[in-house]
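Novice: Quick one: sequence and predicted model below, then my questions.
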Amino acid sequence: MSDDSGIPLSRSSGWRRLSPWSVVFILAAGIVRFVRENIPLLLGAGVGAAAFERIGVMEVALAGGLLLAVGTTISIIYYRRFRFRLEGDMLRVQKGLIERKELKLQAGRIQHISFQQPVYMRPFRLVRFSVDTPGSTAAEVELPGIRWETAEFLRTQLQSSRESDGRKGETETDSAGESEASVLFRVTPWNLTLHGVASNYAYVMAAALSPFIHRIEQSLAERIGEVDLWERIVTATGSALAAGVVLVFGLVVLMVTISVVVSWLRFHGFVLTRGNGRFTQRSGLLNRQEQVLSLSKLQAVESIQTAVGRMIRRRHLVCRQIGVAAMENDAGARTFLVPGLTRDPARRLSGEFLPDVNPDVSLRRVHPFYRRFLMLRFGLLFTAVFGTFAAAIGEAILLAGFLGVLLILWLLVYQHWRTVGWTVDRRYAYFRSGLFGHRLMMFPSRNAQRAELSQSWFQRRRGVATVRLSLPSGTVTFPFLPEAEARFLANLTMYRVESGRDERGKEASEPTSPERGGQV
Amino acid sequence: MDDGFHNNMIAPEELPAYEDVPLLPVSPRFAIYSVVSQGIAWSIIALGSTLALIVGEMFQGPATVAPFAALFLGAGFASLSWLDARKRAYGLREHDLIYARGIIVRRTVILPLSRVQHVETASGPLERHFNLVRLTCYTAGGLGADLVIGGLERDRAELVRQFLLSRIHGRDGEETQGDSDERR
């Protein structure tokens, strides 16, 4: 058995170990994972350490050193027991700390191969090699530190085995003789910055950390003494109003800056290429990663514009693959995302992913009863909580506030109803949702796995129905369609699935519906 | 060039409509099974709350209502189960399986047979007593069951299962044949 330290891997070589440097990477990855999964625990421990004077720097350093020693020992054992080999079209991996595991992954089952190269791996030309299969909720196989050349070799061998295994779906839509990858899209620094401005990374992070802000504030106050920030801003700006404006502006600038930095870290140097029926993207400032998307595994494409994105005319595309529904919360690591797009490149790339798709297709609104239903649901909930409180207190200002909030709620519901839209053309189904932002889901109707039509008592009385189409990448819900249209959508989808046919040869952008007398 | 491939237009009103299919009701015994099943569950809750009252010596106050509330709720849910069971129906077409259920929210699921990867039947002790079986269909990419038809009689469930299995096993060959037909 040899280390992966320069000897080329052959198609049926013996067992091979990871690079010895991978011990460092396993340890680093373990620490990052531990911190990410235990933020509340660590924050609590930090606050506890700050609160108890008996715990000093020495105790903290000792505890840290002990944890590091345990982590290093575990990493070395993991490295010693980890081995892999390629046997024809099968990748075999043996690993395990206490329990010995053997994984066998056949090339035909592979959905997605990705490389990740954190900045500390670059001097050693090492990568983290991950393989996903349809339906798995985490990487099926991960080699946490092999040479770039070995990873390239493994990928080439596994992909060629898959294609020669009769699974030629990937080459179906590829142009004849295409072997060289052609560049489809490169993100410019300006567009990447705008992607950061439009994205909501910082808001999501702020929301996740909000429960701990008070604790951190307390801890800081104990360390450096009480600082009345508000008083200082008011003094500096001269009035409470100006101070409020400055504070809000400062927070927004901070959020946007964080979003832009995250966007640069994640998507710096983003290049999307196409070759041999696969799309490949490479990006990352510190952590260089490569993701591959097989056309045969692609189920749907989502065009997303946040509210800010609509103002600055930027959007991004997200490609949904088989089984991705289960990994929505997987830190976005396996989301195939194309950032920083304007309208025309987004349209062109959508067409590359889904031939003849039309992201600018005109959509039909759902039935107005949808907004009444939403208002009833949210309004009743709000009334039950706040209305009772306001009535009990009996203050006129509270009652006025209650009515004001109800009005705002109605406006939000109305705005959401205006955004929701759907249609089907000769090949694809489209569904848009959102409030001030837009999420347009586009998928071939024939990818549906199942259709469900549901009608509550309220919907039956009003002659409307909700349709849910299940795709291997998740379920798309079309709420409150007129009953005839709901049945049409379900029947048309099933017809396309069961006959395996759509109208590919015909113009794709013309919406089809029973009311317009469209032909399918 | 006539290569045998046809792609004729179909008007929306000519689409095969699932709502035109006369559905078969599930076994009449399923309604009794549902009521008994609900009755057992709520009786256990009522009995448990009664025991708690006796052990805690709480013979007065609002807590004494708990066993009666459990029985009342049980009766309500049992009635709903009865009505729901009477409304459940399924239909097997050449290319899909249809299942309708629900009284307050009526749901109809259409599952194309071409998407079914795996079929299983299962029955608990009470279902076996009533000679009932649950038929579960799974598709690729789904995390759980995509369709569960409860309340089928054992013989009928076996017939449906065999039909589905034959379609799954024959699918690859059928698709290959279909492809070659289209190319011819």
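Specialist: Great, that's in hand. This is a predicted model, so every value here is computed, not measured.

Novice: Where does the prediction get shaky in chain B?
Specialist: B:1-12, B:141-144, B:171-184 (pLDDT under 70).

Novice: Check the separation of the first and last residues in stretch B:131-150.
Specialist: Start and end residues of stretch B:131-150 are separated by 12 Å (C-alpha to C-alpha, to the nearest Å).

Novice: typo on my end, stretch A:297-316
Specialist: Span of stretch A:297-316 from end to end, C-alpha to C-alpha: 20 Å.

Novice: Give me the buried positions along it.
Specialist: Burial within stretch A:297-316, assessed by neighbour count using 16 or more other C-beta atoms under 10 Å in any protein chain shown, is assigned to A:297-306, A:308-309, A:314-316. Using the backbone N, CA and C atoms, a C-beta is placed for each residue, glycine as well.

Novice: ditto for stretch A:444-461
Specialist: Quick answer for stretch A:444-461 (16+ other C-beta under 10 Å): A:444-456, A:459.

Novice: CA atoms only for that stretch - export them in PDB, please.
Specialist: The C-alpha coordinates for stretch A:444-461 follow below in PDB (Å, rounded to 0.1, in the frame of the first residue of the first chain):
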ATOM      1  CA  PRO A 444     -39.600  19.800 -18.000                       C
ATOM      2  CA  SER A 445     -43.100  18.500 -17.300                       C
ATOM      3  CA  ARG A 446     -42.000  15.000 -18.100                       C
ATOM      4  CA  ASN A 447     -39.600  15.000 -15.100                       C
ATOM      5  CA  ALA A 448     -42.600  14.800 -12.700                       C
ATOM      6  CA  GLN A 449     -42.700  11.700 -10.500                       C
ATOM      7  CA  ARG A 450     -46.200  12.200  -9.200                       C
ATOM      8  CA  ALA A 451     -49.100  14.700  -9.300                       C
ATOM      9  CA  GLU A 452     -51.500  15.500  -6.500                       C
ATOM     10  CA  LEU A 453     -54.600  17.600  -6.700                       C
ATOM     11  CA  SER A 454     -56.100  18.700  -3.400                       C
ATOM     12  CA  GLN A 455     -59.200  20.600  -2.500                       C
ATOM     13  CA  SER A 456     -60.200  21.800   1.000                       C
ATOM     14  CA  TRP A 457     -63.800  22.300   1.800                       C
ATOM     15  CA  PHE A 458     -63.300  26.100   1.200                       C
ATOM     16  CA  GLN A 459     -61.600  25.400  -2.200                       C
ATOM     17  CA  ARG A 460     -64.400  23.000  -3.300                       C
ATOM     18  CA  ARG A 461     -67.000  25.700  -2.600                       C
END
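
Novice: do that stretch and chain B meet?
Specialist: Yes: Stretch A:444-461 is in contact with chain B by C-beta under 8 Å from any C-beta of the partner chain, via A:A448, A:Q449, A:R450, A:A451, A:E452, A:L453, A:S454, A:Q455, A:S456, A:W457, A:R460.

Novice: how about the nearest residue to the third one, chain neighbours excluded?
Specialist: Right, the one you point to is A:R450. In this structure, A:R450 finds its nearest non-sequential neighbour in A:S470, 4.3 Å apart by C-beta to C-beta, 6 or more residues apart in numbering or on different chains.

Novice: next one: A:R109
Specialist: A:R109 sits nearest to A:T133 (C-beta to C-beta, 6+ apart), 4.8 Å away.

Novice: residues contacting that neighbour?
Specialist: Counting by C-beta atoms under 8 Å, 6 or more residues apart in numbering or on different chains, A:T133 makes contact with A:L105, A:R109, A:I110, A:Q111, A:E140, A:G323.

Novice: Apply 10 Å and report the result again.
Specialist: Applying C-beta atoms under 10 Å, 6 or more residues apart in numbering or on different chains to A:T133 gives the contacts A:105-106, A:108-112, A:139-141, A:297, A:322-323.

Novice: Mind checking which of the buried residues of stretch A:297-316 land in helices?
Specialist: Using DSSP state H, the members of the buried residues of stretch A:297-316 that fall in helices are A:V308, A:G309.

Novice: For the residue minimising distance to the centre of chain B, grab phi and psi.
Specialist: Nearest to the mean C-alpha position of chain B, counting by C-alpha atoms, centre = their mean, stands B:I149 at 2.3 Å. B:I149 adopts backbone torsions of phi -100, psi 110, taken as degrees, to the nearest 10.

Novice: Go ahead and confirm it touches B:E120.
Specialist: No: B:I149 lies out of contact with B:E120 (C-beta atoms under 10 Å); the separation is 11.5 Å.

Novice: quick one on the thing from earlier: and the residue nearest to A:R109, what's its pLDDT?
Specialist: Among the per-residue scores, A:T133 shows a pLDDT of 73.

Novice: Am I right that B:E94 sits in a strand?
Specialist: No: with DSSP: H, G, I helix; E, B strand; the rest coil as the criterion, B:E94 is located in coil rather than a strand.

Novice: Correct me if wrong: it contacts A:S499.
Specialist: No: in this structure, B:E94 is not within contact of A:S499 by C-beta under 10 Å, at 11.3 Å.
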